[in-house]
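Trainee: one predicted model, sequence on top.
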Amino acid sequence: MTDKVLNGILFIIAGLGSIVVYILIGDTGLLSKGHTEKIAAYALVTIPLAFMMTRNIVRNTHIDAGLLMIVVGLTMGLVSDAINSAEISAESSLIGGAIGWTGWSIMYLGMSVTGMGYLRTQLFPNWLSWSLITASFVMFAFLAIMTPEQLESSVDNIVAPLWMLNSLVLVILGVFTIRRAEKN
């Protein structure tokens, strides 16, 4: 398997992995909340891996800065999910929410910055770079502006569709990565 195929697969897993885990495993009740969050975390780790592998093809300061933001935000989000799923006390979800929404918004801001870096390279078509910038920035702005309480009440109506849109962009990045011509 070539690096570009592996890179493309990581983008596809990054786009579909957590959706599959939460919808097909989490909603069925087959696993506990803690186990579902742990499996989703494994899928979510593919996000920085996919962006990092692309960074190694063409270097750009925006790609580097965005990758750093993705790692920081993802780390915060995963810690939040672990706190939420542990259900240590009644305050666990409040603590997790306070950390999580900030972390996830930072991750999406990092994806938007990385998209700006892609726009300055020839890795992807400009429309795809703009799609990444726009979808992830809208998600960032929504998560950053709303309070945790407002976000909890709008998960199904607004957060889920924005999450799906960002996931779709990641899958398309994966397809383009796999189909990209090798550079000599």
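Mentor: Noted; the coordinates are in hand.
Trainee: and the helix or strand where Gly117 lies, what does it pack onto?
Mentor: In this structure, Gly117 sits in helix 92-119 according to DSSP states H and E. Using 3 or more CB pairs under 8 Å, 6 or more residues apart in numbering; DSSP states H and E as the contact criterion, the elements in contact with helix 92-119 are helix 46-55, helix 61-86, helix 126-145, helix 148-153. Bear in mind the C-beta positions are built from the backbone N, C-alpha and C, glycine included.
Trainee: one more time with 7 Å, if that's ok
Mentor: Secondary-structure packing of helix 92-119 (3 or more CB pairs under 7 Å, 6 or more residues apart in numbering; DSSP states H and E): helix 61-86, helix 126-145, helix 148-153.
Trainee: now the element after the worst-scoring helix or strand of the chain on mean pLDDT, going C-ward?
Mentor: Every helix and strand of the chain was ranked by mean pLDDT, DSSP states H and E. The lowest is helix 148-153, at a mean of 76. With elements assigned by DSSP H and E, the helix or strand that comes after helix 148-153 is helix 160-179.
Trainee: shaky segments in this protein?
Mentor: Applying pLDDT under 70 to the chain picks out residues 27, 87, 155, 181-184.
Trainee: which residue is nearest the middle of it?
Mentor: Taking CA atoms, centre = their mean, the centroid of the chain lies closest to Ile47, which sits 5.6 Å from it.
Trainee: test my guess that that one contacts Thr75.
Mentor: No. At 11.3 Å, Ile47 does not count as touching Thr75 under the criterion of CB atoms under 7 Å.
Trainee: how about the helices and strands packed on helix 92-119 in TSV, adding mean neighbour count and distance to Gly34?
Mentor: Shown next, in TSV, are those (neighbours: other CB atoms under 10 Å; distance: least, CB to CB, whole Å):
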stretch	mean neighbour count	distance to Gly34
helix 61-86	19	4
helix 126-145	18	24
helix 148-153	14	19
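Trainee: cool, thanks, talk later.
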